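Student: Starting from these lines, generate the structure:
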Amino acid sequence: MSLHDWWFLILTGVLFLHLGLGSIDLGVCLLSLFAPQDRAEAMLGSIDSIWHANQTWLVVLGAMLFGAFPDIYGEVLTRLYGLVILLLVALALRALGLEYRHHAARPESWRRLAGWGAGAVVITEGLLLGALFLGQSEGTALYGLSALAQPVFFPILLFLFSCGLLMGGAWRLGGQRRSRTDDIDMNLYASLTLVAGLGAVLAGGLLCGQLAQGTDRIPWAFLIPTAVAGLADLAILYASLRPRWQGSPLPWGLILIGLVLAACAALVRAVLPPAGRIGDGGELWFLTVSTAVLLPPLLAFQIFQYRLERPGKRSGGPVQAEPAGEERP
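Tutor: The predicted structure is shown next:
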């Protein structure tokens, strides 16, 4: 394997961290839109300490893309510039909602802003990834904004929304089990998480079909075991949602997302020619050394943050959300 091949694997891993972990806070924000106001505040409070760290992986992904594959980075900032602007606006709106709800006299509007902002983030990220890797030139006019009206991007949007609901529901279930409280409907969240898992598998199959169109270079030797592993993980996810299961379904949701991304990445790498746009990265040794130094501390901090701040960990009970409308000392 060449250095470019290794960087393709590294970028796939960072994309997995961004989509897998970022889907937790995005999913919780989406679910908070359908919860009563007191419960919505508790839901958003459970991600207050992790959503900043989750969003860091998007910054890391952009920096690595700029250094390793500048052709793709340049394509994103020229051909898809409109979608990039929409993504930044959506990220800003969600952040405003999450932060300002602590200080607002009427925090309900800020909570809703966080939820709707999360939905906008999912949509714009899906359209960006779809326009970039599905190669739909008709969806990239007007700096990518015409992708909003293209049904070809439905599978990737279904996948990202399913990931959000899957990880958000699993996060809430895991927190409830650790804190041993009954503030949520366990059966409802278990059903929602299972349906979201099925949706992720279905959308992943549709995405793989789209990526494989027009080529006979399909890596069946990798895809078939990956599909079997995905179905097995889905069965374990179902078992982890049952009341007798001890522990969180969160790891099984992460594995499911990782398997779908691995299958899609294998198809992208197989379909593109060896000298295609993913292989034109230039000299990567400096970026490789820098990444080897910086990436382990980032991973260690992320693991520490989740182990320290997960719901119910610090005090043996649920994390109490700070009362909205009151200033912090």
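Student: Look up which helix or strand the residue most central in space within the chain falls in, please.
Tutor: Most central in the chain under CA atoms, centre = their mean is residue 19, positioned 2.1 Å from the mean C-alpha point. Element membership for residue 19, per DSSP states H and E: helix 3-32.
Student: by contact count, what packs against that helix?
Tutor: The contact analysis (3 or more CB pairs under 8 Å, 6 or more residues apart in numbering; DSSP states H and E) places helix 3-32 against helix 37-45, helix 51-68, helix 81-100, helix 108-133, helix 154-179, helix 250-271, helix 285-309. Heads up, the C-betas are built off the backbone N, CA and C, glycines and all.
Student: hey, which of those helices is tucked in deepest?
Tutor: Across those, the average number of neighbours (mean count of other CB atoms under 10 Å) peaks for helix 154-179, which reaches a mean of 24.
Student: helices and strands of the chain: which one has the lowest mean pLDDT?
Tutor: For the chain, counting by mean pLDDT, DSSP states H and E, helix 70-76 ranks last in confidence among helices and strands (a mean of 83).
Student: got the buried residues for that helix?
Tutor: 72, 73, 76 (16 or more other CB atoms under 10 Å).
Student: Would you agree residue 122 is in contact with residue 165?
Tutor: No: under the criterion of CB atoms under 8 Å, residue 122 makes no contact with residue 165, lying 10.0 Å away.
Student: intersection of neighbour lists for those two?
Tutor: residue 30 (CB atoms under 8 Å, 6 or more residues apart in numbering).
Student: neighbours around the residue nearest to residue 155 when sequence neighbours are not counted, how many?
Tutor: What sits nearest to residue 155 in space, not counting adjacent residues and going by CB to CB, 6 or more residues apart in numbering, is residue 206, at 3.8 Å. Neighbour count of residue 206, defined by other CB atoms under 10 Å: 15.
Student: tell me the angle of the helix or strand harbouring residue 206 relative to helix 250-271?
Tutor: Applying DSSP H and E as the criterion places residue 206 in helix 186-211. Orientation check (axes from the mean of the first three to the mean of the last three CA atoms, to 10 degrees): helix 186-211 against helix 250-271 gives 10 degrees.
Student: What residues sit buried inside helix 186-211?
Tutor: 189-190, 192-194, 196-197, 199-201, 203-205, 207-208, 210-211.
Student: so after it, what's the next helix or strand?
Tutor: helix 220-240.
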